[in-house]
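Peer 1: Kindly return the folded structure for what I paste below:
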Amino acid sequence: MSRKAMMIIGIQAFLIIVLFWLLVFYGKDEYEELGAELDEEVETRSLVAEHPSTDAGVATLVLPVALQKQSGLQFTRLQATTHQASSAAFGTVESIDSLVELRTRFFAALADGNVIRTNIASAEQKLQRLKLLNQDDKNVSDRVVQEAEALLNSEKARLGASSTSANGIRDNIRQLWCSTLANWTTQNTPNNTFQGLLQHRNVLLKVTLPFDVVPDKNTMLNITPMGAVSQFIQAKFISEAALSDSTVQGKTYYYHAPAGNLRTNMRVSARLEKQDKVTTGVIVPHQAVVWYANQAWVYQKTGAEKFVRRLINTDIEIESEAISGWYNTAEVAENDEVVVSGAQLLLSEELKYQIQNENED
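Peer 2: Numbers count the residues shown, from 1 in each chain. From the prediction side, this is the model:
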């Protein structure tokens, strides 16, 4: 074969290869465009059947029973329960060192007074004896009688100062603490409650309650150390406190509770039950709740295959051995069936529906 023929064949082969790659390159773009058109034509099946704009539910989802089992959805029926309203409060375990010191000073002043009274009695007897001797032919001089009178007056002045000191200490306790503690502190024989405080079997609590709450002396206060996960400790009412808590606004009251795990200066949280405010509602389990847009929702089962998202209230959280969750009185009701496993899946499906609608718009 001649050289010229070989060149012609080579050029033809090169052109064939170039045309092949051009066909592949442009055919790929056409294929992708055709695939995209086919995807747009295929209708995506959504589980969202309705989309009402109501407070009762944001959307109704339809999920066949078989798909529910496949997705692992689990449900629970809400049970009615009662809840006693309570007021939240905060407090401090108070040190009674200064109270004990004032008590010591008070009884020291009383002891001084007793000594002075003895001195006064002795001085009065001595003065009377000296006066008799002075009247009997001046067996003692007038100066000696005057010195005895001066000594008696001095002892009486000391007694007045001692009484004033004791009364001042009592008033100081009343101003710094309260009248009840002032009375307990100045008793010769402490009562059982104050004896428990002195022996550290009990601790003194100063609790700040809201301004609109008036505690009953017969109502127990449930307290727990801040940050501690433990059972409530019951505290008993003592009286109003004279001083406020600079860190919390409200009215202050004194309570006493068993020392146990409580330590001086420890902060505590407290709940005061309101005896006349008992309501009936349901507890929504924690595992039933999904969070969306900074709000808590549950999916209520309204039919064999239908689910509706409901907004719930999270103001009152209840922790117990039987059930833990949020207490609601109006948002959901007794015997309502809610999703406790798989709620996040339903929310994802609902949000996917919303995104598709936005894309179509």
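
Peer 1: Pull the contacting residues for V290.
Peer 2: A296, W297, V298, Y299, A343, Q344, L347 (Cβ atoms under 8 Å, 6 or more residues apart in numbering). Every residue, glycine included, has its C-beta placed from N, CA and C.

Peer 1: Looking at it now. What's its pLDDT?
Peer 2: What the model reports for V290 is a pLDDT of 94.

Peer 1: circling back: save the contacts of V290 as TSV, and put in pLDDT, distance to Y327 and neighbour count too.
Peer 2: Converted to TSV, the contacts of V290 look like this (pLDDT from 0 to 100; distance: Cβ to Cβ, whole Å; neighbours: other Cβ atoms under 10 Å):
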residue	pLDDT	distance to Y327	neighbour count
A296	94	12	19
W297	94	16	22
V298	95	13	26
Y299	95	19	29
A343	91	19	21
Q344	92	23	13
L347	90	23	20
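
Peer 1: Okay, and which of these map to strands?
Peer 2: Secondary structure from DSSP state E places A296, W297, V298, Y299 of those in strands.

Peer 1: Helices of this structure, start to end?
Peer 2: 3-41, 65-71, 97-135, 142-176, 179-185, 192-198, 343-360 (DSSP state H).

Peer 1: out of these, deepest packed?
Peer 2: helix 179-185 (a mean of 20; mean count of other Cβ atoms under 10 Å).

Peer 1: How about Q234: what's its closest non-neighbour residue?
Peer 2: Nearest residue to Q234, sequence neighbours excluded (Cβ to Cβ, 6 or more residues apart in numbering): M220, at 4.6 Å.

Peer 1: surely that neighbour meets K236?
Peer 2: Yes. Shown here, M220 and K236 form a contact pair, counting by Cβ atoms under 8 Å, at 6.6 Å.

Peer 1: returning to that earlier point: redo the contacts of V290 as TSV? Include distance to L204.
Peer 2: Shown next, in TSV, are these (distance: Cβ to Cβ, whole Å):
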residue	distance to L204
A296	39
W297	45
V298	44
Y299	50
A343	47
Q344	49
L347	50
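
Peer 1: Taking these together, which two end up most distant?
Peer 2: Maximum pairwise distance in the contacts of V290, criterion Cβ to Cβ, is 13.0 Å, between A296 and Q344.

Peer 1: So what's the residue count around the closest residue to K277 other than its chain neighbours?
Peer 2: Take K277 and drop its neighbours on the chain: the residue closest to it by Cβ to Cβ, 6+ apart is A85, 3.7 Å away. For A85, the neighbour count with other Cβ atoms under 10 Å is 14.

Peer 1: Let me see the contact set for A85.
Peer 2: E273, K274, K277, V278, T279.

Peer 1: between the residues you listed, which is nearest D315?
Peer 2: T279 (12.2 Å).

Peer 1: okay but the closest one is in contact with A80, surely?
Peer 2: No. Using Cβ under 8 Å as the test, T279 is too far from A80 to be in contact (10.9 Å).

Peer 1: Output the below-cut-off pLDDT ranges for the stretch 201-350 of the chain.
Peer 2: 229-230, 274-276, 321 (pLDDT under 70).

Peer 1: can you map out the strands along it?
Peer 2: Under the criterion DSSP state E, counting those that start in this stretch, the stretch 201-350 of the chain contains strands at 202-209, 221-225, 233-240, 251-258, 267-285, 290-292, 295-301, 306-311, 317-318, 325-328, 337-341.
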